[in-house]
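Asks: Got a predicted structure plus its sequence, pasted below:
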Amino acid sequence: MDIEAIKTQIESEIQSINSPQGLEEFRVKYMGRKGVLAQLTGVIPTLPVQERASFGQQVNALKEKILLIIKEKQGSLSGEKLMTQKGSGCDITMPGIARELGRLHPISQVMDEICTIFSRMGFSIVEGPEIETEFNNFTGLNIPLDHPSRDAFDTFYLKSNSKLLLRSHTSPVQIRVMKSEKPPLAAVVPGKVYRPDATDASHSFMFHQVEGFMVDEEITFSDLKGTLGLFAKAVFGKDIKMRFRPHFFPFTEPSAEVDISCIICKGKGCSVCGRKGWLEILGSGMIHPNVFKHVGYDTKKYSGFAFGMGIERIAMLKYGIDDIRLFFENDLRFLKQF
Ligand code: DAH
């Protein structure tokens, strides 16, 4: 049998095959148990010894060729099938449907932005648990037993363990960090906090805060002012004005609330700032010596500042959003704008 002639025959035969059944018949004809290849292999022992090896090699090469041809044909047949199945299945000639890209939630974006600003100033980013001890959330922060925010109504306590609660601010992470590290240190703490408030346009039982603090020898209120001034300009623009208003927090002394000039009316007075020209953005102060005592720091040697802000509030001011509930409703029409 002439192997070259068989090759030519195969090539012309495969051209005319246009169905899987036709291809199967082709396969059986050449590769089947009684097919052409089997016959060729059967011939080998009858050949003169010196011809057997080279004939065997030609048969093997032919077999490889047939296998390849079959595979190629299978591929083109299934492609053609897809192409021609318009209406009934999929038409691969149709333009594709682009998948929509997801995006970060506006709260995540603002939180990332705030953390990036502080990390450029040398603050490290630390996280703490949402279930906290009463000690870290209150006692360690110099919030006395009879302080109103200690009241069970203002904090979610765990049913199973009255010493554990859902943290009502990110400040307890100050205690965690200071207990495990010695000054100098500077950290920001982003995270979720919980308070049993009734939900309305400006309250949510869960929201986000970023806490920040720095401790070293000779840290002063000027360091706090400088740090927060850079922060406010980075978030709200370089023309923003900032003021410190005396306030009370148990864990800082002196304490201050920080306002920025209203970003809507630029300080003239409008409905957003309640005609005051100023918007409160955070609480801050110099860390109270009692807090240092709780973590075993030498109050004569070290001083530090701390601040805490609500992310939703910052995001609402930055983007002019008037209802906190929008952040938690997962309405894509809202989320897609960021
Ligand atoms: N923990 C306070 C709150 O949740 C915010 C705060 C105020 C944090 C002053 C501070 C601070 O570190 O110095 O309302």
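Replies: It's in.

Asks: low-confidence ranges in the stretch 101-250 of the chain?
Replies: Confidence mapping of the stretch 101-250 of the chain against pLDDT under 70 gives the ranges 149, 152-153.

Asks: Pull the contacting residues for the residue of it found nearest the ligand.
Replies: When distances are taken as Cβ to the nearest ligand atom, the stretch 101-250 of the chain reaches nearest to the ligand at His169, 3.3 Å away. C-beta coordinates here come from the backbone N, C-alpha and C atoms, glycine included. Contacts for His169 (Cβ atoms under 8 Å, 6 or more residues apart in numbering) come out as 137, 193, 209, 211, 308.

Asks: how much space between it and Ala306?
Replies: Distance of His169 to Ala306, computed by Cβ to Cβ, to the nearest Å: 11 Å.

Asks: again with Lys241
Replies: Distance from Lys241 to Ala306, by Cβ to Cβ: 23 Å.

Asks: which one of the two has more residues nearby?
Replies: Neighbours were counted for Lys241 and for Ala306 using other Cβ atoms under 10 Å; Ala306 has more, 24 against 16.

Asks: Name the residues of the stretch 101-250 of the chain found near the ligand, please.
Replies: By Cβ under 6 Å from any ligand atom, the residues of the stretch 101-250 of the chain that approach the ligand are 169, 171, 211, 249.

Asks: Distance of the residue sitting furthest away from the middle of the chain relative to the ligand?
Replies: When each C-alpha in the chain is compared with the mean C-alpha position (Cα atoms, centre = their mean), Pro48 comes out farthest, at 74.0 Å. Pro48 is 99 Å from the ligand, where distance means Cβ to the nearest ligand atom, to the nearest Å.

Asks: on that earlier part again, spit out the residues that contact His169 and Ala306 alike.
Replies: Glu211.

Asks: Next, count neighbours for Phe328.
Replies: Phe328 has 15 neighbours, counted by other Cβ under 10 Å.

Asks: Spatially, what comes nearest to it if we skip its sequence neighbours?
Replies: Ser204 (6.5 Å; Cβ to Cβ, 6 or more residues apart in numbering).

Asks: Contacts only, for that neighbour.
Replies: By Cβ under 8 Å, 6+ apart, Ser204 lies in contact with 197, 312, 324-325, 327-328.

Asks: Give me the ChimeraX select line for those residues, limited to the buried ones.
Replies: The buried residues among the contacts of Ser204 can be selected in ChimeraX (16 or more other Cβ atoms under 10 Å) with this line:
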select :312,324,327
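
Asks: List the ones among the contacts of Ser204 that fall in helices.
Replies: Members of those lying in helices (criterion: DSSP state H): Glu312.

Asks: how about the contacts of Ser204, which pair is most distant?
Replies: Taking Cβ to Cβ, the two most distant members of those are Asp197 and Phe327; they sit 14.7 Å apart.
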